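Asks: attaching a predicted model along with its sequence, questions to come.
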Amino acid sequence: MRKIFIVTDYNCNSHCISCAKEIDEKGYLTLEQIIEQVDIIKPNREDYIEINGGEPTLRKDIIKICNYIKSNYETNLIILSNGRKFSDESFVKKIKDVGVDRVMTTFYSDKEKIHDNITKIKGSFLESVKGLKNLEKLGMPISVKTIILKQNYKRLSEFVDFAYDTFPSAWVSIHGLIIRGQAKTNKNYVVARYKDIKPFVENALDTAITKNKNLGVFMIPSCTIDPYYWKHLSINWKNLSQTMIYISPEKKVFGNLPASQPEYCKGCFVEDNCSWAWEAGWKEYIELFGTEELNKITTDMIRYKK
């Protein structure tokens, strides 16, 4: 299985204060360029292609992009979107008919005001809710996630309730923040410390467990969460990165995306199974706060029952 990320361009109709886009990231992949790269990759039925941006649904040729991929390759196609365009039911039907397998959308809170304050677009919360409901109504698989910020971490449990109750068919996840782009510029305003978010992440997991749901947790160091919850954390980032493919207007990376761990983590019992093994997830955090919140698990700390 390969994860194939295609950044089509950087145009967006939201202005999120935590956006990972760098100021100097510009450019636009034409339909012809996207087709050329897809033909080089030759995706198969085990691969996952994620089309993102910017906001890819703003492209006038998004249906053509999806149609080429699904007509020529038997593969899984995902669109990462803020969900707002899907408030148009006719657009949702086109996305379904062309064969898109899943839509993934970020909600920054269960509260309209918090979400809109982060996107800087009044009405974006209600527009995205309508969009995801339209997708569900037509039977489209959807994923709903949140990114943990200072503005929302105390309501993670409430977010889980909102996500499952509002979108019953959704796969729900919570993600640590990648501190680059606007998130780095606004770091003092948006970055929440792991020591602060720990109980709220665990409460969110408890909420999901009570609902008999499997809540995904990504980009959070395993050692900052009680081991009871480790089975819910994403693993094998290090191994997965070896086959990841990243295509954007600026660069192409065929495998070996930056994946490593801080020097402090070397020798940790969790090792490659830590959900923090992707360099983009920890490098800036370590520069800001060091390793004082981490609790490396060493073999001499492990007690086995006879």
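Replies: Yep, that arrived.
Asks: please make it C-alpha for all contacts and neighbour counts, starting now.
Replies: OK.
Asks: now the helix or strand hosting Ile51: mean pLDDT?
Replies: Element membership for Ile51, per DSSP states H and E: strand 48-52. Looking at strand 48-52 alone, the average pLDDT works out to 96.
Asks: ok, stretch 283-297 next?
Replies: Stretch 283-297 shows a mean pLDDT of 90.
Asks: so in this structure, where's the weakest helix or strand by average pLDDT?
Replies: Each helix and strand of the chain was given a mean pLDDT (mean pLDDT, DSSP states H and E); the minimum falls on helix 237-241 at a mean of 66.
Asks: strands paired with the helix or strand just after that one, and their directions?
Replies: Past helix 237-241, further along toward the C-terminus, the next helix or strand under DSSP H and E is strand 245-247. Counting by DSSP bridges, the strands paired with strand 245-247 are strand 3-7 (parallel), strand 252-254 (antiparallel).
Asks: pick the most deeply packed of those strands.
Replies: Among those, strand 3-7 has the highest mean neighbour count (mean count of other CA atoms under 10 Å), at a mean of 22.
Asks: with just CA atoms, put the strand holding Ile51 into PDB.
Replies: Presented in PDB, the C-alpha positions along strand 48-52 are these (Å, rounded to 0.1, in the frame of the first residue of the first chain):
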ATOM      1  CA  TYR A  48      -4.600   5.600  -1.600                       C
ATOM      2  CA  ILE A  49      -4.500   8.800  -3.600                       C
ATOM      3  CA  GLU A  50      -5.400  11.900  -1.600                       C
ATOM      4  CA  ILE A  51      -6.100  15.000  -3.600                       C
ATOM      5  CA  ASN A  52      -5.600  18.200  -1.500                       C
END
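Asks: identify the residues contacting it?
Replies: The contact list for strand 48-52, computed with CA atoms under 8 Å, 6 or more residues apart in numbering, reads 1-8, 43, 75-81.
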